[in-house]
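**Q** could you work out the structure for the sequence below:
(3 chains)
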Amino acid sequence: MKKKKDFFDRVYEVVAKIPKGKVTSYGAIAEVCGIKSAARTVGWAMHGAAGNSLPCHRVVNRNGELTGKIHFGDPDLMESLLRSEGVKFDKEGRVIMDKYNWVPPKKRKKRKN
DNA sequence: AACGTGACTTATT
DNA sequence: GAATAAGCCACGT
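**A** Next up is the predicted model:
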């Protein structure tokens, strides 16, 4: 039975695997899901992820800006969470992508590595 | 089925 | 280099 996971489910899996103290970009997740150009859809997936205990605060945009912080209820919550995990911000309030940018492993069919 | 929206990204001006 | 435009995919109405 081929349970074709929806794009959303795929995103949830990836986001749930983001290491603590690291962040990733929507585009990266979208690419891992198979659609590189679906960065926006990844954000949509987060909407459905609300209440799924997913570390959505570890997902930032390509610039390291916390674009989704607005949806946390409190704009400062996302930054606080990341700071609590050891993530540092530059003076512009962005995540230092050079150090914290983490790209999820591509889920190949039966990837044995 | 179609139009509009959205937590993005890339290219062009 | 900054600002604007278009492209992209999925969901909601």
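**Q** OK, contacts around the residue of chain A at minimum distance from DNA strand B?
**A** Closest approach between chain A and DNA strand B, counting by CB to the nearest atom of the strand: A:Gly68, at 1.9 Å. Where you see a C-beta, it was placed from the backbone N, CA and C, and this is true even at glycine. Shown in contact with A:Gly68 (CB atoms under 8 Å, 6 or more residues apart in numbering): A:Gly43, A:Met46, A:Cys56, A:Val59, A:Val60, A:Met78.
**Q** quick one: contacts for A:Val42?
**A** Counted by CB under 8 Å, 6+ apart, A:Val42 has contacts A:Val11, A:Tyr26, A:Gly27, A:Ile29, A:Ala30, A:Cys33, A:Val59.
**Q** which ones among the residues you listed also lie next to DNA strand B?
**A** A:Tyr26, A:Gly27, A:Val59 (CB under 7 Å from any atom of the strand).
**Q** roughly how far does A:Ser53 sit from A:Tyr12?
**A** Computed as CB to CB, to the nearest Å, the A:Ser53 to A:Tyr12 distance reads 10 Å.
**Q** between these two, tell me which one has more neighbours.
**A** A count of neighbours by other CB atoms under 10 Å puts A:Tyr12 above the other of A:Ser53 and A:Tyr12, at 21 against 9.
**Q** and for stretch A:24-39, what are the contacting residues?
**A** By CB under 8 Å, 6+ apart, stretch A:24-39 touches A:7, A:10-11, A:14-15, A:18, A:40-43, A:58-62, A:97, A:101-107.
**Q** what does chain A put close to DNA strand B?
**A** So far as CB under 7 Å from any atom of the strand goes, chain A lies against DNA strand B at A:25-27, A:39-44, A:46-47, A:49-50, A:56, A:59, A:61-63, A:67-68, A:70-72.
**Q** out of the residues you listed, which are inside helices?
**A** Among the residues of chain A next to DNA strand B, DSSP state H puts A:Tyr26, A:Gly27, A:Ala39, A:Arg40, A:Thr41, A:Val42, A:Gly43, A:Trp44, A:Met46, A:His47, A:Ala49 in helices.
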